[in-house]
Each structure stands twice: as C-alpha cells, then as structure tokens.
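Asks: generate coordinates for the sequence data below:
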Amino acid sequence: IAALAANPGCARRALLDAAGVDKDRTARHLGFPAPFGQSQFSITRGNAFETVVKENGCAELLRLLRELLGLPVAEVGYQDVESVGAHLRHSHTRALVDRAAREDGPAVFYDHPLLSLEIAGHACYLEPDVVAFQVGGRFHIVEIKSFSVIDGQAEPRKVAAAARQAAVYVLALRTLLADLGHDPERVSHEVVLVCPENFANRPVAALVDVRRQLAVLKRQLTRLTRVESLLDGLPEELTFDLAPGPAGGP
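Replies: Take a look at the predicted model:
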C-alpha cells in the first residue's frame, strides 16, 4: 500500500494490486526478474527477533514500553487474535478494539490483529506486528524490525520505510475506531519502533512520529482511481493469467 500510494497515477500498479497479482512472478515471466530480493537469512533473523520480543506474552515489549511510555502498571494483558482462526480474525479484532475503547480498562497487547483499509475501492487487509492498548485510552502501533540500532542510530532509509509502513496501520486503526463511533485520534501518531541493539538480539525501542507520512498517505489515497473505473477501460479479453499464450509467449 505504501508503494501504491507513492505512485497514485500508475493505473497498471493499481490493477495488479487489486487483482492480487504476484508482481515478482510477473516480472520473471516477462523476462525482467528482480536483481535482488530479501535473503532467507534476513527472514530467519527477523522471525527470531520478533519471537524474542513477543515471548511470554510480550514480556520484553512490556519492559520496553514501561521505559518508553511510562506505563504505570506491573503487567499487561495479552490477546493473540490469531487464535480464533483466519476467517474470524478481522471481526474479532473489531470486537476487541471496540471493547477496549468503550471500557478503557487495563492495558492489553493485541498480537496478530487484522485491520482493513479501502484502497481505490478495494478492501485490503493488514496485519501490524502488535497493537498495544495503553492505560489512559491510547492505542499505539508497535512495529518490530530486524535492522540494528548501532550506538543509538539506525539507517535513515530503513527507518523511513518502517515509518511509511506503520502509517498505513495507524490510518487503518483510526478508520476502524471512527467506524465504531470512537475518536480516531485515540490512535497515537507516535509509533513504537522496536529493533535489535548493536547487532545483538536485545531489543531497544524508540518513538517515531508518523504525522508527515500519514498526511502524504491520505493525500495520495484520495488521488487513486477506483478499481471499477480502471477495469472499464480494459479490453474484455484481457486476463491476468500467466500461462503461455498460443505461440508460447506471454
């Protein structure tokens, strides 16, 4: 979604995203494979780091938030939304967020929530790493990344990419709260970014202000042409099938 919003005038990109087309596979099929991709080592390291942050009911994340946000509680509840199954996760997330916003009870970590956001008339489903509900009625998006913070500094390009991604989640959660009749501003524009410190697996957290990314995202999303309008301009015989044509070509 962040990439699509960065190119709101690209009708081809919008159609490929709406149709759920695998763009990497399409590029390979057309003879233009991507020159590089994410390494298996990076994926494995990222999964291992996320496990460290989330183990024991997000105990390590609670330690970080106590320091970063001044949480005045000794412990926080934990809800694994994934436990209800894939088909119920979105409705279950809505119910949990609605209850948390209404009751303003103790802090709860919501793991594997499923949010949605309308993109050019097409419903997209999003899975942030964690949504932390803080005491005091504030929601925070928690983004867990495996790039390192060295001597208090992280690579600016990677932080910027994480901020753009997190802004999508903030907008989706604000949209959900507004749809449920709550104040969308209860979702903080400060995202909790968790990274490993100095190449070790010990997590460190920082607040990242995504107001600028939110403003750009909302502006770009309003410029996207609806999927139905894009489809009207295509020939009827066009398909997104990657099977070889009669002559063996694309």
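
Asks: for the residue nearest in space to the middle of the chain, which three-state class applies?
Replies: In the chain, the centroid-proximal residue (CA atoms, centre = their mean) is Pro128; its distance is 4.2 Å. At Pro128 the chain is in coil, as set by DSSP: H, G, I helix; E, B strand; the rest coil.

Asks: next up, the contacts around it.
Replies: Pro113, Leu115, Ile141, Val142, Glu143, Ala166, Tyr169, Leu173 (CB atoms under 8 Å, 6 or more residues apart in numbering). Quick note: C-beta positions are derived from backbone N, CA and C, even for glycine.

Asks: ok, Val81 next?
Replies: Arg89, His92, Thr93, Leu96, Tyr110, Asp111, His112, Pro113, Leu114.

Asks: part of a helix, is the third one?
Replies: Pointing back at Thr93 there. Yes: counting by three-state DSSP, Thr93 is found in a helix.

Asks: mind listing what it touches?
Replies: Contacts of Thr93 (CB under 8 Å, 6+ apart): Val81, Tyr110, Pro113, Leu114, Leu115, Leu176.

Asks: rerun at 7 Å
Replies: Applying CB atoms under 7 Å, 6 or more residues apart in numbering to Thr93 gives the contacts Val81, Pro113, Leu114, Leu115.

Asks: give the burial count for the nearest residue to the third one once chain neighbours are set aside, as a bare number.
Replies: This means Leu114. Spatially, and ignoring its direct neighbours in sequence, Leu114 is nearest to Arg89 (4.0 Å; CB to CB, 6 or more residues apart in numbering). Other residues lying near Arg89 total 19 when counted by other CB atoms under 10 Å.

Asks: hey, C-alpha coordinates of the helix or strand Arg89 falls within in CSV?
Replies: Arg89 is part of helix 89-103, with elements assigned from DSSP states H and E. In CSV, the C-alpha atoms belonging to helix 89-103 read as follows (Å, rounded to 0.1, in the frame of the first residue of the first chain):
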residue,chain,number,x,y,z
ARG,A,89,-9.6,-12.5,12.8
HIS,A,90,-11.0,-9.3,11.3
SER,A,91,-14.3,-9.4,13.1
HIS,A,92,-12.6,-10.5,16.3
THR,A,93,-10.2,-7.6,16.0
ARG,A,94,-13.1,-5.2,15.6
ALA,A,95,-14.8,-6.5,18.7
LEU,A,96,-11.7,-6.4,20.8
VAL,A,97,-10.8,-2.8,19.8
ASP,A,98,-14.4,-1.7,20.3
ARG,A,99,-14.5,-3.2,23.8
ALA,A,100,-11.1,-1.7,24.7
ALA,A,101,-12.2,1.7,23.5
ARG,A,102,-15.5,1.5,25.4
GLU,A,103,-14.3,0.1,28.7
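
Asks: which parts of that helix are buried?
Replies: Across helix 89-103, burial judged by 16 or more other CB atoms under 10 Å covers Arg89, His90, His92, Thr93, Arg94, Leu96, Val97, Asp98, Ala100, Ala101.

Asks: next structured bit after it?
Replies: Following helix 89-103 in sequence, per DSSP H and E, is strand 108-111.

Asks: quick check, distance from that next one to the centre of its chain.
Replies: Relative to the centre of its chain, strand 108-111 is centred 15 Å away, using CA atoms, centre = their mean, to the nearest Å.

Asks: I figured His182 was touching Ala101, is that so?
Replies: Yes: if you go by CB atoms under 7 Å, His182 and Ala101 touch, sitting 4.4 Å apart.

Asks: ok, then the element right after the helix or strand bottoming out on mean pLDDT in the chain?
Replies: Within the chain, no helix or strand scores below helix 2-6, which has a mean of 67 by mean pLDDT, DSSP states H and E. Going down the chain from helix 2-6, the next helix or strand is helix 11-18, by DSSP H and E.

Asks: related to what we said a few turns ago, out of the contacts of Pro128, which is nearest to Leu15?
Replies: Leu115 (23.3 Å; CB to CB).
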